[in-house]
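> Okay, predicted coordinates and the sequence, questions at the end:
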Amino acid sequence: MEKPYAIGIDIGGTNSVFGIVDKRGHIINQGSIKTGAYKEINEYVEHLSAGVQEIIDQVGGSGNIKGIGVGAPNGNYFTGCIEFAPNLPWKGVIPLAQMLTDKLNIPVALTNDANAAAIGEMTYGAARGIKDFIVITLGTGVGSGIVVNGQLVYGHDGFAGELGHTTAIREGRMCGCGKKGCLETYSSATGVARTAKEYLQTKKDPSILRELNVEEITSKDVYDAAVKGDKLAKEIFEYTGKVLGESFADFVAFSSPEAIILFGGLTKAGKLIFDPVRKHMEENMLPIFRNKIKLLMSELKESDAAVLGASALGWEVKDY
């Protein structure tokens, strides 16, 4: 009998969300636990497994589940381990896929969160029918999933596709990874806030952003100001889009994708971010690639996307 459901688990620094998904990409049932509440990995796995088992029981037991997919920071698809994730409470190498398999008796596959988003777009979203594309997640950081000929690019060690840590500006801003000038220091939500602080300190233009505490400015504040026509806020989005578009032109040169799909909180800025990205991408692209690459918005509902992406991995997981 064909098993009708897969399970997706998204492990974030704050919450771990899990859900049961059918073949059409509908989330039948879901739950969550607080990631940070468990300082010890065995205790975390115990509580996570209990929560997942509860929703499995609601659909008639594990005989109806094809597999479990997990999206996690620094998740390695080849090993099934989370390796040295800086924003999770547990350090070192954690064999999470095996730990969950042992608890739930269902095969588990694991990948990083941006790769899970790419698999989700390919299975349920904007990349259906597209075999060559890049998903860029614009959140607190910049993540990416690269698909070539219908296959995710993992590289020899499972960690390929860290486009957020390619160098956008030589000797630029310090990044949390220890490098300077990484794309995510300019084009993430955090990067937009950093640009705002720099502009307010170095430029004299009037701006409603000057009414706020400069240390507490967020990308949402910049967006709200830009929508009201604030010139400085619009310049911040123009600069963010310029850095992102120039990097996209480089990404296109190495994998010639049919589309680049943008996902995450910063995409809510709409034309404010999309227009400068497209302009600077086209201006900096090799002529052979110009006007060929689609720039698309994710079609996955943001609140469901992480679970859907992880669940898509659950359909592919190998049986014992």
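Thanks, I have the structure now. Numbers count the residues shown, from 1 in each chain.
> Check what pLDDT Met1 gets.
What the model reports as pLDDT for Met1 is 59.
> Give me the distance between the closest residue to Glu162 other than its chain neighbours and Thr111.
Spatial nearest neighbour of Glu162, excluding adjacent residues (CB to CB, 6 or more residues apart in numbering): Ser144 at 7.1 Å. C-betas here are computed from N, CA, C, even on glycine. As judged by CB to CB, to the nearest Å, Ser144 and Thr111 stand 13 Å apart.
> With Ile293 instead?
25 Å.
> Out of these two, name the residue with the larger neighbour count.
Neighbour totals were compared for Ile293 and Thr111, and Thr111 leads with 27 against 22 (other CB atoms under 10 Å).
> check contacts around the nearest residue to the more buried one once chain neighbours are set aside.
Closest residue in space to Thr111, ignoring its immediate chain neighbours: Tyr77 at 4.4 Å, by CB to CB, 6+ apart. By CB atoms under 8 Å, 6 or more residues apart in numbering, the contact set of Tyr77 is Ala109, Leu110, Thr111, Asn112, Asn115, Leu152, Tyr154, Gly158.
> Over to Ile119?
With contacts defined as CB under 8 Å, 6+ apart, Ile119 is in contact with Gly69, Thr111, Gly145, Leu152, Gly309, Ala312, Leu313, Glu316.
> Looking at those, which one is closest to Gly60?
Distance to Gly60 across the contacts of Ile119 (CB to CB) is lowest for Gly69, with 19.9 Å.
> For burial, what's the neighbour tally of Gly270?
Counted with other CB under 10 Å, Gly270 comes out at 11.
> separation between it and Pro276?
Between Gly270 and Pro276 the distance is 12 Å, computed by CB to CB.
> same thing with Phe289?
For Phe289 relative to Pro276 (CB to CB), the value is 18 Å.
> more neighbours, the two?
Neighbour count, other CB under 10 Å: between Phe289 and Pro276, Pro276 has more, with 20 against 15.
> In three-state terms, label the closest residue in space to the more buried one that isn't next to it in sequence for me.
Of all residues beyond its chain neighbours, the one nearest Pro276 is Gly241 (2.6 Å), with distances taken as CB to CB, 6+ apart. Secondary structure, DSSP: H, G, I helix; E, B strand; the rest coil: Gly241 is helix.
> close enough to count as contact, Gly241 and Glu283?
No - using CB atoms under 8 Å, Gly241 is not in contact with Glu283; the gap is 11.5 Å.
> How confident was the prediction at Gly161?
Here, the pLDDT recorded for Gly161 equals 92.
> now the residue lying closest to it once chain neighbours are set aside, which residues is it bridged with?
Using CB to CB, 6+ apart and skipping the chain neighbours, the partner closest in space to Gly161 is Ile146 (4.7 Å). Beta-bridge partners of Ile146, counted by DSSP bridges, are Ile134.
> Go ahead and confirm Ile146 touches Phe159.
No - under the criterion of CB under 8 Å, Ile146 makes no contact with Phe159, lying 12.0 Å away.
> Those two: who's more crowded?
Per other CB under 10 Å, whichever of Ile146 and Phe159 has more neighbours is Ile146, with 24 against 15.
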